[in-house]
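[1] fold the following and give me the result.
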Amino acid sequence: MIEKELLDLSIFAALKSGDILKEGFGTHYSIRSKEGKHNLVTEFDIKSEETIINILKKEVPDSEFLAEESGISNSLQGQSVKWVIDPLDGTVNFAHNIPIFSISIAAVIDGEIKCGVIYNPLNGELFTAMKGNGAFLGKKKLQTSNISSLLDAFLVTGFPYKAGAANNKSAELFINVVQRGIPIRRLGSAALDLAYVAAGRFDGFWEMELRPWDVAAGVIIVQEAGGIVSQFDNSPFNLGDETILATNGLIHSEVSNFLINHYEN
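    Sure thing, here's the model as predicted:
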């Protein structure tokens, strides 16, 4: 399939699974814990993922899947389409009736992200990108912000489920940023964090210990909106890396230097 067909299929699957999440939001449903404190999964994570995979598999039968709840692929390499899926990014928010969550779908071929979709079903915002074709919110083309100084930036981050572990520095990084008087938010959906960087709502995002399904769609959306995505140390980012930094590009080196100084020391 050509990239435009992959994107259109991703959009269709995201909209269908979004209907399921809208139907389930605020109702009574089963919730269980996975590994890690507050690492939750609901029956709607499962329903959403099954819907997405069934739609994609029907249209692209030789697809492989790397998805949070069920679909497993051991590698993102190869000529077949690898779909990287988070059916409900922000499950803790969803489980507590907080309307900040999203669906994230990306198509990867031979290790390269070809297209990505992030959909917030409650407000109807649909973020999309296709390699070499720009990033969009609906029909509006996205462009990252023009903030050029870290001290003027508006940032967003998240914390891993084991943030309280002795060797985890996520809280320390957060405190060091706050102590410099830089405004920062924690939304609870890494996919939306990245989409909002692409839209210029935030100037930068960082987090550690994310999985490919958390960020795959967001990476290409940020890049196609003119931003930069790397590891903390500004080295190239690959799905599965331990750290991720995404910015408007103008503050990237400054944020990278700040993070790595506090992360490694």
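
[2] use CA for all of it now, contacts and neighbours both
    Will do.

[3] give me the low-pLDDT residue ranges for the chain?
    By pLDDT under 70, the low-scoring segments of the chain are 1, 29-41, 70-78, 161-168, 263-265.

[4] would you map the helices across it?
    3-24, 43-59, 91-95, 170-179, 190-198, 212-224, 252-264 (DSSP state H).

[5] can you give me how far the third one is from the chain middle?
    The reference is to helix 91-95. Remark: helix 91-95 is offset 15 Å from the chain centroid, using CA atoms, centre = their mean, to the nearest Å.

[6] may I have that helix as CSV, with CA atoms only?
    Listed next in CSV are the C-alpha coordinates belonging to helix 91-95 (Å, rounded to 0.1, in the frame of the first residue of the first chain):
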residue,chain,number,x,y,z
THR,A,91,-5.6,5.0,30.7
VAL,A,92,-5.2,6.4,34.2
ASN,A,93,-7.0,9.6,33.1
PHE,A,94,-9.7,7.5,31.4
ALA,A,95,-10.2,5.3,34.5
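
[7] so which elements touch it?
    Secondary-structure packing of helix 91-95 (3 or more CA pairs under 8 Å, 6 or more residues apart in numbering; DSSP states H and E): strand 40-42.

[8] now the longest one
    Helices and strands in packing contact with helix 3-24 are listed as helix 43-59, strand 102-109, strand 112-120, strand 125-130; criterion 3+ CA pairs under 8 Å, 6+ apart.

[9] angle of that helix against strand 125-130?
    Comparing the axes of helix 3-24 and strand 125-130 via axes from the mean of the first three to the mean of the last three CA atoms, to 10 degrees yields an angle of 160 degrees.

[10] which residues touch helix 3-24?
    44, 47-49, 51-52, 55-56, 87, 103-107, 114-122, 128-131 (CA atoms under 8 Å, 6 or more residues apart in numbering).

[11] again, only this time at 6 Å
    Helix 3-24 has contacts (CA atoms under 6 Å, 6 or more residues apart in numbering) with 48, 52, 115, 121.

[12] tell me which of the helices of the chain lies nearest to residue 148.
    helix 252-264 (9.0 Å; CA to CA).

[13] for the closest one, output the C-alpha coordinates as CSV.
    These are the backbone C-alpha positions of helix 252-264, laid out as CSV (Å, rounded to 0.1, in the frame of the first residue of the first chain):
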residue,chain,number,x,y,z
HIS,A,252,16.5,21.7,21.3
SER,A,253,20.2,22.0,22.0
GLU,A,254,19.6,24.1,25.1
VAL,A,255,17.1,21.7,26.6
SER,A,256,19.3,18.7,25.6
ASN,A,257,22.3,20.2,27.5
PHE,A,258,20.1,21.0,30.5
LEU,A,259,18.6,17.5,30.7
ILE,A,260,21.8,15.6,30.1
ASN,A,261,23.7,17.6,32.7
HIS,A,262,21.1,16.7,35.3
TYR,A,263,20.4,13.2,34.0
GLU,A,264,24.0,12.0,34.1
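
[14] what distance do you get for the spatially closest residue to residue 188 that is not a sequence neighbour to residue 104?
    Residue nearest to residue 188 in three dimensions, not counting chain neighbours: residue 90, with 5.5 Å by CA to CA, 6 or more residues apart in numbering. Distance, residue 90 to residue 104, by CA to CA, to the nearest Å: 11 Å.

[15] neighbour count for the two, which is higher?
    residue 104 (31 against 25; other CA atoms under 10 Å).
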